[in-house]
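Engineer: kindly generate the corresponding structure for this input.
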Amino acid sequence: MFVNESHMPQRLAPNLYTSPEHLEREMERMFEPGWHCIGALPDLPNDGDYFTRTLFGKPLICWKTGGEVHTFLNVCTHRFSMLRDQPCGHMGEHLKCQYHGWEYDCNGDTQKIPDAKSFRPMAKGELGLRKFRTETAGQLIFVTLNENATGLREFLGDYLYDMCDRWFSPDHDLACPIDIHHECNWKVVIENVLEGYHIGEVHPKSFGTYPNEECCRHEFHEFWDFYIDDYSTIPKNARPERIMSRIIGYEPDYRWQHLLRYPNVVFGKMAMFTWVQMVLPVSATECHAMWRIFCYPGQRGRLKSRILSKGLRFWGRRFMSRVIGEDEAIYPSIYKGIASPMRPRGGLISTREERIFPFQDYVLKMTEEEEFITKDREIEEERTQPTTATTDGG
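Structural biologist: Predicted coordinates for the structure are as follows:
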């Protein structure tokens with residue numbers, strides 16, 4: 001059942017989706033102080049492997065060495081070239097700049113400088129790389145740009161941290177890594193994943209229609225919320241999981257679970273699949289979404305598990321790519337409507353969409369932008385047109 005018994009007002013004014021100044025406040029107060037998932041351990045299968053990311057305009061390089069994962073600013077201290085511009089690769093025991101060959105260790109200290117005598121005097125380790133705190137939860141890799149941030153467990157909370165250990169354990173295989181650019185404000189993406197009211201129009205072939213309210217439950221906490229859809233009584237949804245659980249050898253759950261750690265870390269679980277979605281603003285009008293989708297293939301070492309794992313990865317890639325693509329196609333239209341210089345009166349959040357309401361409250365609280373609500377209402381009075389219908393030839 002839903003928590004609220006009636007609809008709620010739209011809390012965020014449209015200009016909070018379009019204003020570069022507001023995005024700066026969001027960056028300063030919500031994003032820069034926190035932790036951000038930038039990948040997963042399967043992205044770095046071997047020592048020496050690396051991948052590159054851009055986080056809030058800052059180029060990063062994540063590198064595995066000695067079984068540990070380290071993240072640095074992807075800029076050489078010699079003449080400021082990017083160390084590497086490829087999305088991923090392998091470098092061995094030292095990070096090496098692609099321009100002049102300077103090499104760095106896991107602490108970011110210089111280890112080898114070609115023609116070092118021409119740089120005298122310079123002490124060993126001088127001009128080291130900028131390093132960022134990196135921690136893992138399960139197989140997920142998180143980084144923070146804030147030197148004073150709390151630990152990852154404290155940021156996520158015990159429940160979400162321990163959940164990551166279960167949902168993304170070494171027994172789960174990476175089925176589908178997806179990185180995608182969206183032409184819309186980041187909040188459009190988050191609000192879309194918080195509600196299933198759009199399923200009938202946007203995902204008619206993928207999901208059919210939204211579930212009955214009696215099957216749904218919402219929970220709200222200080223920094224996160226929880227959605228559970230219990231489909232145990234719906235044969236067409238429960239039967240496939242019951243069959244797969246017998247083949248794989250796990251206890252069926254019959255629940256679609258979905259969580260948001262405010263403001264932008266999404267976790268999901270459906271049958272033997274789990275996923276994380278990280279939505280990162282690029283500008284007021286653009287954002288980047290990173291998905292890492294895992295599957296549980298059953299007990300390792302069995303031929304059945306190996307075969308099933310390949311099949312699950314194939315199905316997961318196909319299904320999730322289709323669903324993500326269906327959402328991606330509608331985002332620009334949503335954003336164009338929000339950014340329109342003239343809009344009709346409206347802005348309602350239904351009980352089925354009620355997870356959006358505390359999310360919007362969180363944004364207002366963290367950015368201290370309550371005054372925009374009153375301001376935008378005044379602007380809307382000037383922009384809105386009469387909605388009274390007329391007919392010809394009456």
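Engineer: okay, now the sheet partners of the helix or strand hosting Val279, with direction.
Structural biologist: For Val279, the host element (DSSP states H and E) is strand 273-283. In the sheet, strand 273-283 lines up against strand 265-270 (antiparallel), strand 286-295 (antiparallel) (DSSP bridges).
Engineer: CA atoms only: put it into CSV for me.
Structural biologist: The C-alpha coordinates for strand 273-283 follow below in CSV (Å, rounded to 0.1, in the frame of the first residue of the first chain):
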residue,chain,number,x,y,z
PHE,A,273,19.4,-9.8,-11.2
THR,A,274,20.7,-6.8,-9.2
TRP,A,275,21.9,-3.4,-10.4
VAL,A,276,23.3,0.0,-9.5
GLN,A,277,22.5,3.2,-11.4
MET,A,278,24.5,6.3,-10.8
VAL,A,279,23.2,9.6,-12.3
LEU,A,280,25.7,12.4,-12.5
PRO,A,281,25.0,16.0,-13.7
VAL,A,282,27.1,17.3,-16.5
SER,A,283,25.3,20.6,-16.9
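Engineer: now the strands paired with strand 273-283 in a markdown table, with distance to Trp167, mean neighbour count and mean pLDDT?
Structural biologist: In this view, the C-beta of every residue, glycine as well, is placed from N, C-alpha and C. Below are the strands paired with strand 273-283 laid out as a markdown table (distance: least, Cβ to Cβ, whole Å; neighbours: other Cβ atoms under 10 Å; pLDDT from 0 to 100):
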| stretch | distance to Trp167 | mean neighbour count | mean pLDDT |
| --- | --- | --- | --- |
| strand 265-270 | 6 | 21 | 96 |
| strand 286-295 | 7 | 22 | 96 |
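Engineer: to Thr52, which of the ones you listed lies closest?
Structural biologist: Ranking the strands paired with strand 273-283 by distance to Thr52, with Cβ to Cβ as the measure, places strand 286-295 first at 12.8 Å.
Engineer: avg pLDDT for stretch 142-162?
Structural biologist: Average pLDDT, stretch 142-162: 96.
Engineer: tell me the contacts of Glu214?
Structural biologist: With contact taken as Cβ atoms under 8 Å, 6 or more residues apart in numbering, Glu214 is in contact with Met1.
Engineer: could you check how far it is from Ser232?
Structural biologist: 12 Å (Cβ to Cβ, to the nearest Å).
Engineer: picking up where we left off before, how far off centre is the strand holding Val279?
Structural biologist: Strand 273-283 sits 1 Å away from the centroid of its parent chain (Cα atoms, centre = their mean, to the nearest Å).
Engineer: pull out the buried residues from it.
Structural biologist: Neighbour-count burial for strand 273-283, counted by 16 or more other Cβ atoms under 10 Å, picks out Phe273, Thr274, Trp275, Val276, Gln277, Met278, Val279, Leu280, Pro281, Val282.
Engineer: now, among those, which is nearest to Asn148?
Structural biologist: Leu280 (20.8 Å).
Engineer: would you check how far apart the closest one and Pro263 are?
Structural biologist: 10 Å.
Engineer: now do Gly34
Structural biologist: 8 Å.
Engineer: same question for Met244.
Structural biologist: On the measure of Cβ to Cβ, Met244 and Pro263 end up 34 Å apart.
Engineer: and Val266, what is it in contact with?
Structural biologist: Ile190, Val193, His258, Leu259, Leu260, Val276, Gln277, Met278, Val279.
Engineer: show me where pLDDT drops low in this structure?
Structural biologist: For the chain, the stretches with pLDDT under 70 are 124-125, 235, 299-306, 370-394.
Engineer: ok, which stretches of the stretch 251-394 of the chain are helices?
Structural biologist: 303-339, 356-367, 371-383 (DSSP state H, counting those that start in this stretch).
Engineer: who does the second one touch, helix- and strand-wise?
Structural biologist: Judged by 3 or more Cβ pairs under 8 Å, 6 or more residues apart in numbering; DSSP states H and E, the packing partners of helix 356-367 are helix 20-26, helix 186-193.
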